[in-house]
Every structure is written in structure tokens, then in C-alpha cells.
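Engineer: Fold the following for me, if possible:
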Amino acid sequence: MARVELFSGPERRRRWTEEQKREVVAAAFAPDAIVAEVARRADVRPGQIYRWRQELRSGGAGFAAVVVTAEADCGPGIASRSGEAIEIQFSGVACLRIPPSTPPELAAAVVQALVRR
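Structural biologist: Numbers count the residues shown, from 1 in each chain. This is a model prediction of the structure:
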């Protein structure tokens, strides 16, 4: 039996929270999952799930607060102060502080760029 949802009022589209989108995307790309079946259960098109996955991936990309400073208070090598940031000293010339909210891929790219200098 088909299910019919009636939307009343000026808004005729369903609103999905970020958490709901994450749950559907996670279910669709779990091992042995079939995107079309997950889409059918969630009452969306498979293309919508792929679009949400792309949006969720690009949501983490962008800029993060990374500070490069010439201060001498950065200890030798790699040091962490009470979990607030990771500090890396580059040959006594510069000190890089990476906040814990920074995506690992972005932090690695910044460190590699500074090492090449």
C-alpha cells in the first residue's frame, strides 16, 4: 500500500536536519548497504543521498584557525599543552599551533607546506 504525505501551508518541502542527513548518508554507505533501498526507506531519491554526501564532505573543507608565530615559547619538537592545541617548532624559526578542531587532512597539508619552505 502506498503512503501519501500531505504538506499544508506555504512550504511544500520537507526539512531535513543535518543529523538526519548524516544518519541517512551513513546508512546508505555502510558496508553491504544499497543506496536505492536506503533512499526508498527514507522516502528520498538516491541522487539526494549522493548530494547530501557531497555537501557533508565539503562542509568540513575550508579554512581553520592555524597560527604560525615566531615566539620562542614553543618547546622543542612537538608539544601539547593541556589539549588546547598541538605546537610544532620548525628549526627554531617558527612555531605552528594547531587547534584540536582542525581537520587532520588540513593540518597535515599545512605542516607539509611549511616543511618544504
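Engineer: from here on, contacts and neighbour counts on C-alpha atoms
Structural biologist: Will do.
Engineer: if you skip the residues just before and after it, what's nearest to Arg45?
Structural biologist: Once flanking residues are discounted, Arg45 sits nearest to Ala39: 5.7 Å by C-alpha to C-alpha, 6 or more residues apart in numbering.
Engineer: Counting neighbours, what do you get for the one you found?
Structural biologist: Neighbours of Ala39 under the rule other C-alpha atoms under 10 Å: 19.
Engineer: helix/strand/coil for it?
Structural biologist: Of the three states, Ala39 takes helix under DSSP: H, G, I helix; E, B strand; the rest coil.
Engineer: Same check on Ser101?
Structural biologist: Three-state assignment for Ser101 (three-state DSSP): coil.
Engineer: quick one, phi/psi of it?
Structural biologist: Main-chain torsions, Ser101, degrees, to the nearest 10: phi -80, psi -10.
Engineer: Look up how far Ile49 lies from it.
Structural biologist: 26 Å (C-alpha to C-alpha, to the nearest Å).
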